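Participant: Take a look and give me a structure for this.
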Amino acid sequence: MKLGAFSISLSVKDLEVSKDFYENLGFTVFAGSQENNYLIMKNEDSLIGLFQGMFDGNIITFNPGWDSSAQKIEDFDDVREIQKQLKRHKINLEREADETTSGPGSIVVTDPDGNTILIDQHV
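Facilitator: Next up is the predicted model:
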């Protein structure tokens, strides 16, 4: 299964404080805006999303169809195909993609330890 770019989406209390912290670890702002309460920070191929007030807890995120620079890649598994494979393995989906569509879509699963995993396709 090709899941695409990997990042961790962190629910932060203070976006500015978190931004400063991750900048001190060598990350730079890659996308997002403080006005919209989120920033995507990048250090080489590592991505961290900082989200203030958008969700509870942290989320493991995969983006089928994107590389770590959010550039479209040609060879990837569509989120609806990933969804079918997960269902075949009897993995419960918290949110499903509409299998009658194509293009952008997302699914959400929870791992055995309660960690939320978002598979979010933008292409």
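
Participant: For residue 110, give me its contacts.
Facilitator: Listed by C-beta atoms under 8 Å, 6 or more residues apart in numbering, the contact set of residue 110 reads 92, 94, 116-117. C-beta coordinates here come from the backbone N, C-alpha and C atoms, glycine included.

Participant: 6 Å instead, please
Facilitator: Residue 110 is in contact with 94, 116, counting by C-beta atoms under 6 Å, 6 or more residues apart in numbering.

Participant: Is it bridged to anything, and to what?
Facilitator: Assessed by DSSP bridges, residue 110 has beta-bridge partners residue 116.

Participant: and it, how far is that from residue 119?
Facilitator: 12 Å (C-beta to C-beta, to the nearest Å).

Participant: ok, now residue 60?
Facilitator: Distance of residue 60 to residue 119, given as C-beta to C-beta: 9 Å.

Participant: swap in residue 30?
Facilitator: For residue 30 relative to residue 119 (C-beta to C-beta), the value is 20 Å.

Participant: Then residue 58?
Facilitator: Residue 58 is 16 Å from residue 119, by C-beta to C-beta.
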